[in-house]
Structure formats: C-alpha cells, structure tokens
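Visitor: here is my input, please return the structure:
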Amino acid sequence: LLASLAEHPHIVTILGRSVKSVNGFTSGRRDSVFLVLERLDCDMTVRLREWKERAAYKNNRLIHHGISGRRDNKAALLLERLTRMTELSSAMAYLHSHSIIHRDLKLSNIGIDISGSVKLLDFGLAKIIPQHTDEKETFHLTGNTGSIR
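Guide: Presented below is the predicted three-dimensional model:
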C-alpha cells in the first residue's frame, strides 16, 4: 500500500526494495523481502520525552535566572509541537483523501526525520475503503487491529 502512494512530505518514502521470490516470503524466510526506507532520527515517543525534558529544564532554569525569556521559550516549544501535529494531520488527510485508513496510529508509528519533520510509517494494517455509491451501504473491518490496549 505504501508503495502505491505518491510521495507526501509527511509519509515515509520507500527508496528501494528487493524481492528474491514470493515462494521464499510465503515459506517464512526472513531474507526474501525487504524495503529501504528514508532515514529517521527517532519516533514521536522519543520526541515527546525530549519536549517534556526541555519544558522541565526551562522551568528549573527560571528559579536560577528569573522570569526573562520564559514566555519566548514556552511559545517556541508550543509552536514546535503544533507544527509537528499539523504535519501529522496533513499526512492523515492525504490518506483519507485516497480512501485509506491507517488503523494503527500511535506514537511509535510516527517518525521524526533528520530535519525534525513528522513521517507517518507502518502501513501493515492500513486498508483501502471501497467507494460507496449508496450512503446506507456499510463496510465491515475486523476490530482486532492495532496494538494491545
């Protein structure tokens, strides 16, 4: 599914792939199929921890250095968080505009590239929703997807 998507700045890009044989893949050989994806620096779990540490450090610095500059630091941290969430929203909107649902959106499936931008990844559970002609028509997906709660 990922290979079929046109490039989007906030969805991980496939740079290369190799398929030795379909038979090797179906028999469980681990070396028969692989993808080369763009390099990511970390995932959103790590970035969230960094944001919390930066906020705590800035609050502790306030005790030693006074109030000056605190508002600017807080605003910069908030702007960075909002920018990353806007990037994620852009990726999700792109998928939905192509009738694709991700079905496993979580912090560890949101990567951060070297420049700090969000990259949505792990499309193993993603599905294409068929186009409906009748709005009363229903579509059923299994409920047993994603990570264990």
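Visitor: can you give me the helices for this structure?
Guide: 22-26, 44-65, 70-97 (DSSP state H).
Visitor: what residues of the last one count as buried?
Guide: Using 16 or more other C-beta atoms under 10 Å as the burial criterion, the residues of helix 70-97 that qualify are 73, 84, 87-88, 90-92, 94-95. Quick note: C-beta positions are derived from backbone N, CA and C, even for glycine.
Visitor: who does it touch, helix- and strand-wise?
Guide: Helices and strands touching helix 70-97, by 3 or more C-beta pairs under 8 Å, 6 or more residues apart in numbering; DSSP states H and E, are helix 44-65, strand 118-120.
Visitor: lowest average pLDDT across these?
Guide: Across the helices and strands packed on helix 70-97, helix 44-65 has the smallest mean pLDDT, namely a mean of 76.
Visitor: distance of the residue lying closest to R17 once chain neighbours are set aside from K136?
Guide: Of all residues beyond its chain neighbours, the one nearest R17 is L35 (5.0 Å), with distances taken as C-beta to C-beta, 6 or more residues apart in numbering. From L35 across to K136, the span is 39 Å (C-beta to C-beta, to the nearest Å).
Visitor: of the two, which one has the most company?
Guide: Using other C-beta atoms under 10 Å as the criterion, L35 and K136 rank with L35 on top: 13 against 5.
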